[in-house]
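Engineer: Give the three-dimensional model of this entry:
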Amino acid sequence: MKNTLKAGFSFMAILAVALQWQCSKSSNDPAPPVPAITVSPVTANEGTGANLLFSFEFKLSAASTQSVSVSVATEEATAKAGLDFIAFSSRTVSFQPGETQKTLQVEIVADEWKENTEEFRLLISNPVNGTLPNNTVRGYITNDDTQIFFDDAGYNTPNTYPGYTLVWADEFDGNALNLSDWNFETGDGCPNVCGWGNNELEWYTNGENLYLQRGKLIIEARNENVGGKNYTSSRITTQRKKSFQYGRIDIRAKMPYGQGIWPALWMLGNNISTVGWPACGEMDMMELLGHEPNKVHATAHYATGAGARNISKSITKTESFSDAFHVFSLVWVQDKIQFLVDDQLINEVTKNDIAPNNYPFNEPFFFIFNIAVGGNWPGSPNSTTTFPQWMFVDYVRVFQ
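Structural biologist: Okay, here's the model as predicted:
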């Protein structure tokens, strides 16, 4: 009997010690680590056919013995919900015990329009059994299209006027620029007029930055390195092909915008090659500084002695000149020029205004259309400037 009790007592003692050791061990063990939940940005083309899916890979820093989850919603940035991506307000990404990677897909809306890189965001919240080093991740939709989107809204002018005959027009209805009427001026102006006389920063290409689409001439300014310059654009003229003296001129156009962007629709005297600038005269039907997108300038340049003078006026509208088309006009008679925007008189210059200096505006002039980037007047682009930028020209018409 004594031996039986002794054996039973010994067994109970051993069990108690084992349980005490197990409890002690459990209380001293560190808790399993809480995994970090990370996800990387996605950059991809939007596509031109069926909608594409951007796949965001959610990862755990370590496998967990528990279920881990987060809530995810989309947020617009430059990419717009419905137009560029399909938005959602709440989805859940869940990891089962042992899983370390999950995929969340966002549907991207395909189109045919050439656009800047556009951004949307995923907002990540409500982590369960995990931590969030970052609660925002970005998706970047890059361009793979050639067609440039625009609408035709805006001011328009007739194609006939009482007492006038249409003597020349370009409606830009073809597939390419009519080189019987137009020239490409290329390069950076060197060696003769480096920076085109204004310390401009672009390289003008031989047509690579110019398109004709849906009855519009489109000049594109890009941020790219060509010819040692950081920007490219187009500059076209009718010099030695089409020049005019007097009449009414209408140019319907929509402007680019942004710091350092400088579009212009203007004319120079045919005799520039013999008398030089500004003695040849310059008539700027429209100039715009991209940091002031709702303001355009109309200017006449001329010479006084060895120097340059100008008479310039401007108009400021409540809306941006990039929002819709406007018509920039010149009413030009002997000894007087008038600049109009949407048939509103902006600037008038007469021979008497310039006297006793030479009045150059009774001679033939040719056209120049361009987008400059940088220069003395607009300054350089900065971090707020987006590229590409476009100037759309619907038509140029000359009535006499």
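
Engineer: Now do Ser61 against Leu132, distance only.
Structural biologist: Ser61 is 11 Å from Leu132, where distance means C-beta to C-beta, to the nearest Å. All C-beta atoms are positioned from the backbone trio N, CA, C, and that covers glycine.

Engineer: Quickly list what's touching both of those two.
Structural biologist: Common neighbours of Ser61 and Leu132, using C-beta atoms under 8 Å, 6 or more residues apart in numbering, are Ala36, Ile37.

Engineer: Sketch out the strands for the stretch 301-400 of the chain, chain order is fine.
Structural biologist: In order along the chain, the stretch 301-400 of the chain carries the following strands (DSSP state E, counting those that start in this stretch): 307-316, 326-333, 336-341, 344-350, 365-373, 389-399.

Engineer: thinking Lys59 is in contact with Pro35, fair?
Structural biologist: No: counting by C-beta atoms under 8 Å, Lys59 stays clear of Pro35, with 9.0 Å between them.

Engineer: shared neighbours of the two, which are they?
Structural biologist: When C-beta under 8 Å, 6+ apart defines a contact, the residues bordering Lys59 and Pro35 alike are Thr100.

Engineer: Among these two, which residue is more densely surrounded?
Structural biologist: Under the neighbour definition other C-beta atoms under 10 Å, Lys59 and Pro35 were set side by side, and Pro35 has more, 20 against 14.

Engineer: Name the nearest residue to that one, sequence neighbours excluded.
Structural biologist: Nearest non-adjacent residue to Pro35, counting by C-beta to C-beta, 6 or more residues apart in numbering: Leu60, 4.1 Å away.

Engineer: Tally up the residues packed near the one you found, please.
Structural biologist: Neighbour count for Leu60, taken as other C-beta under 10 Å: 20.

Engineer: who does it bridge with?
Structural biologist: Per DSSP bridges, the residues bridged to Leu60 are Ile37.

Engineer: Pretty sure it sits against Gly98.
Structural biologist: No: with contact defined as C-beta under 8 Å, Leu60 does not count as touching Gly98 (9.9 Å).

Engineer: which residues of this structure fall in helices?
Structural biologist: If you assign secondary structure with DSSP state H, the helices in the chain sit at 2-28, 272-275, 351-354.

Engineer: among these, which gets the worst mean confidence?
Structural biologist: Taking each of the helices of the chain in turn, the one with the lowest mean pLDDT is helix 2-28, at a mean of 51.

Engineer: before we move on, back to that, now the strands of the stretch 301-400 of the chain as CSV including mean neighbour count, mean pLDDT and distance to Arg252?
Structural biologist: Below are the strands of the stretch 301-400 of the chain laid out as CSV (neighbours: other C-beta atoms under 10 Å; pLDDT from 0 to 100; distance: least, C-beta to C-beta, whole Å):
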stretch, mean neighbour count, mean pLDDT, distance to Arg252
strand 307-316, 14, 94, 16
strand 326-333, 21, 98, 5
strand 336-341, 22, 98, 11
strand 344-350, 17, 98, 15
strand 365-373, 24, 98, 12
strand 389-399, 23, 98, 4
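
Engineer: Out of those strands, which gets nearest to Gly174?
Structural biologist: Taking C-beta to C-beta, strand 389-399 is the member of the strands of the stretch 301-400 of the chain nearest to Gly174, at 12.7 Å.

Engineer: The closest one pairs with which strands, and in what direction?
Structural biologist: Strand 389-399 has these partner strands in its sheet, going by DSSP bridges: strand 166-170 (antiparallel), strand 216-226 (antiparallel), strand 247-254 (antiparallel).

Engineer: Quick one, which of the ones you listed gets closest to Ser55.
Structural biologist: For those, the distance to Ser55 is smallest for strand 216-226, at 28.7 Å, taking C-beta to C-beta.

Engineer: Alpha carbons of the closest one, as PDB, please.
Structural biologist: Taking only C-alpha atoms (Å, rounded to 0.1, in the frame of the first residue of the first chain), the coordinates of strand 216-226 have been written out as PDB:
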ATOM      1  CA  LYS A 216      -6.800  70.300 -87.700                       C
ATOM      2  CA  LEU A 217      -3.100  71.200 -87.800                       C
ATOM      3  CA  ILE A 218      -1.500  70.100 -84.500                       C
ATOM      4  CA  ILE A 219       1.900  71.300 -83.300                       C
ATOM      5  CA  GLU A 220       3.300  69.200 -80.400                       C
ATOM      6  CA  ALA A 221       5.900  70.400 -77.900                       C
ATOM      7  CA  ARG A 222       7.700  67.500 -76.200                       C
ATOM      8  CA  ASN A 223      10.200  67.000 -73.400                       C
ATOM      9  CA  GLU A 224      12.900  65.000 -75.200                       C
ATOM     10  CA  ASN A 225      16.500  65.400 -76.000                       C
ATOM     11  CA  VAL A 226      17.300  66.200 -79.700                       C
END
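
Engineer: Other residues contacting it?
Structural biologist: Strand 216-226 is contacted from outside by 148, 150, 170, 172, 177, 202-203, 205, 209-212, 230-234, 236, 256, 261, 263, 369-371, 373, 381, 387-394, using C-beta under 8 Å, 6+ apart.

Engineer: Report the inter-axis angle for it versus strand 365-373.
Structural biologist: 50 degrees (axes from the mean of the first three to the mean of the last three C-alpha atoms, to 10 degrees).

Engineer: Which positions within strand 216-226 qualify as buried?
Structural biologist: Applying a neighbour-count criterion of 16 or more other C-beta atoms under 10 Å, the buried positions in strand 216-226 are Lys216, Leu217, Ile218, Ile219, Glu220, Ala221, Arg222, Val226.

Engineer: Relative to Phe339, how far out is the closest residue to Gln334 other than its chain neighbours?
Structural biologist: On the basis of C-beta to C-beta, 6+ apart, the spatially nearest residue to Gln334 that is not a chain neighbour turns out to be Asn362, at 5.8 Å. According to C-beta to C-beta, Asn362 and Phe339 sit 17 Å apart.

Engineer: does Ser320 really touch Val296, like I thought?
Structural biologist: No: checked against C-beta under 8 Å, the pair Ser320 and Val296 is beyond contact range at 10.7 Å.

Engineer: Look at these two and report which has more neighbours.
Structural biologist: Here Ser320 and Val296 are compared on neighbour count by other C-beta under 10 Å; more neighbours surround Val296, at 27 against 15.
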